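A.B. asks: Next come a sequence and a model predicted from it.
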Amino acid sequence: MELKINECYEIKVKKYMTKKSVDGFDFMKKFNNDNPMPFLIMVGEVIKETPKMVYMKMHGDITETGFDCCLKCGCMITNPVSRYFRLGPFCGGHAYENPFKTEEALIEALALYRKDYLSKVVWEGWIPKSAIVEKRKMTSKIDYEKYVERLSKKYESEKK
Ligand SMILES: [Zn+2]
């Protein structure tokens with residue numbers, strides 16, 4: 001599957017994309033002002049491309065489903081609480097147990113977590129096509145915006 005301009009994808013990248021430049025490997029410094037990706041797995045739109053790289057505008061994935069691994073470090077996650085957070089217990093700083101009294105309360109809290117945290121983890125820059133290890137096409141950018149809007153409305157109505 002080729003990445004296409006103006007389309008939205010969830011991608012998993014190689015670890016070096018989340019690291020600053022080191023001696024002898026200065027990709028990040030050369031192309032992205034030494035500003036590495038905050039997460040290993042992110043969602044975003046392809047803005048432009050060269051034969052070997054894509055420039056993407058990205059944010060944390062706020063959907064409930066995706067790759068079965070931690071958004072931050074890429075380790076496999078299996079327990080249900082981590083799957084909701086899309087982060088492993090270490091990266092997410094949570095226990096395996098549901099920290100809330102009910103499943104509903106956990107899901108409510110996660111809606112806020114997605115809106116207030118995940119959707120605000122943003123990054124844009126150049127990614128070598130060879131650094132993308134997994135990808136899946138997201139329905140559309142508009143869907144994402146609608147999703148955030150829906151979460152915001154839910155949040156506002158709950159505050160009242
Ligand atoms: Zn992790």
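C.D. replies: Happy to help now that I have it. Residues are numbered from 1 along each chain as shown.
A.B. asks: Three-state assignment for residue 105, please.
C.D. replies: With DSSP: H, G, I helix; E, B strand; the rest coil as the basis, residue 105 sits in helix.
A.B. asks: Can you name the residues that contact residue 27?
C.D. replies: 16, 21, 128 (CB atoms under 8 Å, 6 or more residues apart in numbering). No exception for glycine: its C-beta is placed from N, CA and C like everyone else's.
A.B. asks: Likewise for residue 58?
C.D. replies: 37, 42, 43, 44, 122, 123, 124.
A.B. asks: and if we set it to 10 Å?
C.D. replies: Neighbouring residues of residue 58 by CB atoms under 10 Å, 6 or more residues apart in numbering: 8-11, 13, 37-39, 41-45, 121-125, 127.
A.B. asks: Packing partners of the longest strand seen in the chain?
C.D. replies: Determined from DSSP state E, the single longest strand within the chain is strand 41-49. When contacts are defined as 3 or more CB pairs under 10 Å, 6 or more residues apart in numbering; DSSP states H and E, strand 41-49 sits against strand 8-13, strand 53-59, strand 122-128, strand 132-137, helix 141-159.
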